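> no letters, just coordinates:
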């Protein structure tokens, strides 16, 4: 596992990070400016999430189950986005847009300063780690998708296939330390969300 290879790969992916952040922001703006248009979808997602989380809000044992659920859910989805991005980057784009929509939709319910303070308390402590990590993982998924497109474009050109091999190899090597980084960062975010953020919004 070479983090040097990861930093090198990241240095070539600035446009993918920017694109991922813009898609996420676009989703957030859509959810914020047009909450009624996404009401049914967002309510359904929130109801499903509440059903899963509700049993974990009891005693201390359940509290740690909540931390574990948050960590496993976010980590599994983020790592899947890296590798399933091979399907032309479609899944990372959907993941970014849907998460942005949810954030924007939730933000739209805040109409005064007190509500905004409560919203920021519920999002910022863990979000400053979780959101950039999810965006970065999705950026790797987009990169994988573009490599897949390049591979299809090189099917009838041996010269292009030879030129593509080292790029694919370097990218795949970099995904291993990237997954390690995602696991560490999302573990920290889950601890903050399940303990500190939970305490902030319930005190």
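Okay, I see it. None of the values given here were measured: they were computed from a predicted structure. Numbers count the residues shown, from 1 in each chain.
> and the spatially most central residue of the chain, how far from residue 82?
The centre of the chain sits closest to residue 134, judged by C-alpha atoms, centre = their mean, with a distance of 2.5 Å. Using C-beta to C-beta, to the nearest Å, one obtains 11 Å as the distance from residue 134 to residue 82. Where you see a C-beta, it was placed from the backbone N, CA and C, and this is true even at glycine.
> can you name the helix or strand that the residue nearest to the centre of the chain falls in?
helix 113-153 (DSSP states H and E).
> from the contact counts, what lies against that helix?
helix 14-33, helix 60-84, helix 90-108, helix 158-191, helix 198-202 (3 or more C-beta pairs under 8 Å, 6 or more residues apart in numbering; DSSP states H and E).
> which of those is buried the deepest?
Highest mean neighbour count of the helices and strands packed on helix 113-153: helix 90-108, a mean of 21 (counted as mean count of other C-beta atoms under 10 Å).
> show me what that helix is packed against.
Partner elements for helix 90-108 (3+ C-beta pairs under 8 Å, 6+ apart): helix 14-33, helix 39-53, helix 60-84, helix 113-153.
> change it to 6 Å
If you count contacts as 3 or more C-beta pairs under 6 Å, 6 or more residues apart in numbering; DSSP states H and E, helix 90-108 packs onto helix 14-33, helix 60-84, helix 113-153.
> out of the helices and strands packed on helix 113-153, the one nearest residue 43 is which?
Taking C-beta to C-beta, helix 90-108 is the member of those nearest to residue 43, at 9.2 Å.
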